[in-house]
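> The sequence and its predicted three-dimensional model are supplied below.
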Amino acid sequence: MNPDQSTPVKIGRFKASKMIVMESLAVLKQDKELVLFPVISGISSLIALIIMGIVFFFAVMSGDIHAFDNVDKSKMDILSYVILFIYYLIMFFITNYFLAGMYVIINGRFNGQELSFSDGMRGAKANISKIFLWSLISSTVGVILRIIADKSKIVGKIVAVIFGAAWNILTYFSLPSLIIGQKSVKDSFKESASIIRKTWGEVIIINFGVGLFFGLITFLFVITVVIIAILVPIFEIVILLSILSVIYLVAMSIVSSTLSSIFKLALYQYALTGSVPQGFTPALITGAVKGKV
């Protein structure tokens, strides 16, 4: 289907957000292993963070919590930026690696393939050099923005926020372009920026709407939990509700991020090929790309 031949149909913001959630959820139900990627990514990030903390404490601080008490501020600033860069690089790499695996499976589903978790991981491994390079660039940008923010209490922070938001928007489709489009890092940035020029308003609004959709559900859950805790102020019940709340919030975060990734790839495929992925309402996708949802 040629995108120019389709006539976008207006859909309300909230209705569009609900449709995105429902239709992306239908894809997730067909490939339930998709939730493993954010779960393992989160666990890996936590393990990496603990290891980094241990290495820093014993290798850099020599096991002395007061090791930097008398170190010159300029040297401390440099050290803090180096540590921040390493932190960003590791976290970005882990996140992007598992996102890449997820994109491989989602793309397979959109093209009628039944791919497994192992297939997704093999796809990510095949693109590991691109993933690392993109993570390296993202980390560098992150540290530069941090330096800008630190240079001025107010102006620097405003500039960093503006440039950070612009960077996130322009690179919104960069990882799908790297992994699915098989573009170089330079070309993936160009392709992402090109797609964003057609979709940026709707991408931002719709993704905000999806977040609002899950936020509303979470708010209702929290209110329910609080009411139960007030009506039944038993210690064991309160503890149980607290544990259930943590589990619920983590689960919602995993599902929400997975559904967002599914819809992002649906938008990317349509913008790239003009073909609406099976299971998605054509008016929703074409409207998003043409900015008329």
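Yep, that arrived.
> and the longest helix for this structure?
The longest helix of the chain (DSSP state H) is helix 185-231.
> Against which helices or strands is that one packed?
helix 13-30, helix 128-151, helix 155-170, helix 174-179, helix 235-273, helix 282-290 (3 or more C-beta pairs under 8 Å, 6 or more residues apart in numbering; DSSP states H and E). C-beta coordinates here come from the backbone N, C-alpha and C atoms, glycine included.
> Report the angle between it and helix 13-30.
Relative orientation of helix 185-231 versus helix 13-30 (axes from the mean of the first three to the mean of the last three C-alpha atoms, to 10 degrees): 100 degrees.
> show me where pLDDT drops low in the stretch 101-250 of the chain?
199-210 (pLDDT under 70).
> Now with 80, please.
152-153, 197-213 (pLDDT under 80).
> before we move on, the earlier item: with mean neighbour count as added columns, please give the helices and strands packed on helix 185-231 in CSV.
Shown next, in CSV, are the helices and strands packed on helix 185-231 (neighbours: other C-beta atoms under 10 Å):
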stretch, mean neighbour count
helix 13-30, 17
helix 128-151, 17
helix 155-170, 14
helix 174-179, 26
helix 235-273, 17
helix 282-290, 21
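> now those helices in a markdown table, with distance to residue 227?
Shown next, in a markdown table, are those (distance: least, C-beta to C-beta, whole Å):
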| stretch | distance to residue 227 |
| --- | --- |
| helix 13-30 | 25 |
| helix 128-151 | 41 |
| helix 155-170 | 37 |
| helix 174-179 | 41 |
| helix 235-273 | 10 |
| helix 282-290 | 36 |
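> of those helices, which approaches residue 214 most closely?
When these are compared by C-beta to C-beta, helix 235-273 sits nearest residue 214, at 4.7 Å.
> Give the other helices and strands that that closest one contacts.
helix 13-30, helix 36-55, helix 73-110, helix 174-179, helix 185-231, helix 282-290.
> of all those helices, which lies closest to residue 269?
Nearest to residue 269, of these and by C-beta to C-beta, is helix 73-110 at 5.8 Å.
> Tell me the spacing between the residue nearest to residue 255 when sequence neighbours are not counted and residue 47.
Spatially, and ignoring its direct neighbours in sequence, residue 255 is nearest to residue 35 (7.0 Å; C-beta to C-beta, 6 or more residues apart in numbering). Per C-beta to C-beta, to the nearest Å, residue 35 is found 19 Å from residue 47.
> between these two, which one's more packed in?
Of the pair residue 35 and residue 47, residue 35 is the one with more neighbours under other C-beta atoms under 10 Å, namely 16 against 11.
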